[in-house]
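In: sequence first, predicted model second:
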Amino acid sequence: MTNSPSGSLHSSAAAQPQVRRADGSPIRAVVVDDEDALTDLLSMALRYEGWDVRLASDGQKALTVVREFRPDVIILDIMLPDIDGLQVLSRLRADGNQTPILFLTAKDSLDDRIAGLTVGGDDYVTKPFSLEELVARLRALIRRSGLTTEDTSDSYIVVGDLELDEDSYEVRRGGELIELTATEFELLRYLMRNPRRVLSKMQILDRVWSYDFGGKSSVVEIYISYLRKKIDFGRPAMIHTVRGVGYVLKPTR
């Protein structure tokens, strides 16, 4: 059964100026869903935003379209007629593709959300949904990916031996380059902008995800664990848990 999105195609675009890539070209998006009516509607909404959109109706076609089109963001249904969305995402990540991905599905349990995020997804919207919410979340993913122009003053952050360059979107610890996804980068940037300050899960949700994710603070725990594996593994820990309060990043020297 189709769960249609609600809301006007025009309201979200009217509320904010169009988002474009730093070079002025349109944002590229791929929508993957086997419901033609839904993909047509999403395509219309995103094209009204000024984005360049490609569609795919199954997992195999999605892999081909993404590899050829090289999108800036992907809207991916979990339930597909061939391979499911989780497998599509796993294959893309295995290829080294770190394009931000928003899951779009009728599944709404916490376990399904965590499963999608655990394999490397960046956000999750359940059907039925509002177009305004979907576009807002996609804008947040695009902003976190660093594709759009931003104020670059004080764009180089250093905490101990950890360095983050907001211009190049590069992170190094002890001079070693560390690869992060867009969401991991934004989370680390927030921690590094507030060194030695304990940040609650709700503060992190509000700043990094721009909404409360349905109050599910487990998404913060998941991404903190991702960062620890990349930032702290084999090194003195910089990311610390303050039980009952939140998380803090502190230099080791």
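Out: Looks like it arrived, so ask away. Residues are numbered from 1 along each chain as shown.

In: select the longest helix from the protein.
Out: Among the segments of the chain that qualify as a helix by DSSP state H, the longest is helix 131-145.

In: apart from its neighbours in sequence, what residue is nearest Thr181?
Out: Computed as Cβ to Cβ, 6 or more residues apart in numbering, the closest residue to Thr181 that is not its neighbour in sequence is Gln98, at 5.3 Å. From N, CA and C alone the C-beta is placed, and that goes for glycine too.

In: distance check, the one you found against Lys230.
Out: Relative to Lys230, Gln98 is positioned 13 Å away (criterion: Cβ to Cβ, to the nearest Å).

In: sorry, back to before: partners of the helix or strand that comes right after the longest helix of the chain, with directions?
Out: Remark: after helix 131-145, the chain's next helix or strand is strand 156-159, criterion DSSP states H and E. Strands flanking strand 156-159 in the sheet, each with its direction: strand 162-165 (antiparallel) (DSSP bridges).

In: now what about the partner strand, what contacts it?
Out: By Cβ atoms under 8 Å, 6 or more residues apart in numbering, the surrounding residues in contact with strand 162-165 are 155-158, 170-173, 185, 188-189, 192, 231, 238, 251.

In: mind doing that once more with 10 Å?
Out: The contact list for strand 162-165 (Cβ atoms under 10 Å, 6 or more residues apart in numbering) reads 152, 155-158, 170-175, 177-178, 180, 185, 188-189, 191-193, 195, 231-232, 235, 238-239, 249, 251-252.

In: and those residues, which of them are buried?
Out: Buried members of the contacts of strand 162-165, counted by 16 or more other Cβ atoms under 10 Å: 157, 171, 173, 178, 180, 185, 188-189, 191-193, 195, 231-232, 238-239, 249.

In: so which of those residues belong to helices?
Out: Short answer: the buried ones among the contacts of strand 162-165 in helices (DSSP H) are Phe185, Leu188, Arg189, Leu191, Met192, Arg193.

In: and which of those is nearest Tyr124?
Out: Phe185 (19.0 Å; Cβ to Cβ).
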